[in-house]
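Participant: only geometry, no sequence info:
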Ligand SMILES: *[C@@H]1O[C@H](CO)[C@@H](O)[C@H](O)[C@H]1NC(C)=O
Ligand SMILES: *[C@@H]1O[C@H](CO)[C@@H](O)[C@H](O)[C@H]1NC(C)=O
């Protein structure tokens with residue numbers, strides 16, 4: 001008598017398993033970018049069609065502008081609120097971060113109180129250990145002055161409150177100032193001995209996978225190894241320490257070492273400029289972590305998703321014919337050119353404007 005009911009229970013369970021599919025992922029874009037831009041939009045769609053997982057680009061405020069001028073703590077709070085409200089993410093989700101978006105993504109993992117669980121964090125060109133240079137402006141006198149100004153004032157509260165990248169600009173020759181006044185990265189990396197928070201470490205080390213993708217020809221992040229948590233020693237601009245030789249790793253401030261020793265950190269190097277990832281590298285290094293990692297019972301679903309993927313691909317290639325473009329999918333250098341309002345912002349600070357100076 002009991003047998004049939006056990007049997008039907010098993011059937012029911014395996015039914016549940018077979019309809020469950022890949023958990024969703026979110027994409028957090030980089031500075032100067034926004035979800036409605038062709039590059040990020042297409043990137044999200046492609047990942048979704050290659051993996052069979054639902055993907056959402058999560059916008060912060062009005063996009064491009066706010067990515068420059070809202071402090072990263074604020075940007076992280078916004079994403080934290082959004083992911084809490086997205087019912088789709090309740091059972092857990094993956095984060096794909098682009099450049100600056102990785103620090104926000106990691107902020108969500110470490111700081112977001114009561115958010116849905118993050119399983120895999122896939123980072124493309126993330127300034128995880130900081131960056132020693134202001135995002136590119138150019139070489140005109142205006143840019144040289146602006147660069148000097150930002151370097152001189154980057155840890156002032158005014159810049160910290162008004163310029164997102166100041167939250168992760170880590171000048172090796174100004175470490176005491178950085179630790180004292182930089183308002184984002186020192187917390188995120190648990191760098192300040194008196195403020196180290198074991199909760200951040202616990203949350204970060206509970207990731208299932210951390211995929212760190214570095215671009216071999218990245219000239220936006222200085223040094224490019226920051227994508228792997230490698231950085232300069234305090235006080236010096238060389239050599240670049242590999243991640244395993246940094247204090248953050250050795251003393252395991254955030255659990256990077258714990259994750260690595262458990263085989264959960266994947267250090268990947270791909271050819272290309274900042275964010276210039278190829279479709280085949282997307283398939284090789286990102287898609288496997290977005291795919292359902294459960295079981296054989298899912299093969300039917302996978303087949304269904306594959307068909308769906310093919311359809312989407314056809315639609316996409318149609319659209320691309322309509323809108324031919326030879327520019328790379330995600331052009332980091334483009335994203336990093338200074339927007340006009342930013343030039344005005346800097347111009348006001350130094351009391352000149354670009355028209356006069358060039
Ligand atoms: C974006 O929002 C900010 C306030 O967060 C506002 O100052 C700015 O003008 C807006 N920019 C655009 C292009 O809408
Ligand atoms: C660590 O962070 C958690 C979560 O944000 C917070 O509740 C806790 O008070 C912090 N602990 C310390 C010692 O600052």
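Facilitator: Ah, there it is. Values in this document were obtained by computation on a predicted structure and should not be read as measured data. Ligands and ions are numbered 1, 2, ... in the order given.

Participant: when you work out contacts or count neighbours from here on, use the C-alpha atoms and nothing else.
Facilitator: Noted.

Participant: surely residue 212 is in a strand?
Facilitator: Yes - assessed by DSSP: H, G, I helix; E, B strand; the rest coil, residue 212 belongs to a strand.

Participant: for the stretch 1-150 of the chain, what spans make up the helices?
Facilitator: Taking DSSP state H, counting those that start in this stretch to define them, one finds helices in the stretch 1-150 of the chain at 2-19, 38-51, 64-69, 72-85, 101-111, 141-153.

Participant: same question, the stretch 151-300 of the chain
Facilitator: Under DSSP H, counting those that start in this stretch, the stretch 151-300 of the chain gives helices at 157-162, 175-181, 185-188, 198-204, 247-250, 256-261, 279-285, 287-290, 299-322.

Participant: other residues contacting the second one?
Facilitator: Right, helix 175-181. Taking contacts as C-alpha atoms under 8 Å, 6 or more residues apart in numbering, the residues outside helix 175-181 that touch it are 155, 156, 157, 170, 171, 186, 191, 192, 234, 235.

Participant: show me which of those are buried.
Facilitator: The neighbour-count test (16 or more other C-alpha atoms under 10 Å) marks 155, 170, 171, 186, 191 as buried among those.

Participant: near ligand 1, which residues of the chain?
Facilitator: Contact residues (C-alpha under 6 Å from any ligand atom) of the chain with ligand 1: 62, 65, 66.

Participant: name the member of these with the most neighbours.
Facilitator: Among these, residue 66 has the most neighbours (other C-alpha atoms under 10 Å), with 22 neighbours.

Participant: OK, contacts around that residue?
Facilitator: residue 60.

Participant: if I look at it, how far off is residue 31?
Facilitator: 9 Å (C-alpha to C-alpha, to the nearest Å).

Participant: again with residue 90
Facilitator: Using C-alpha to C-alpha, residue 90 is found at 27 Å from residue 31.

Participant: so which of those two has more stuff around it?
Facilitator: The residue with more neighbours, out of residue 90 and residue 31, is residue 31; 25 against 16, by other C-alpha under 10 Å.

Participant: least confident pick among the residues of the chain next to ligand 1?
Facilitator: In terms of pLDDT, the lowest of the residues of the chain next to ligand 1 is residue 65, showing 90.
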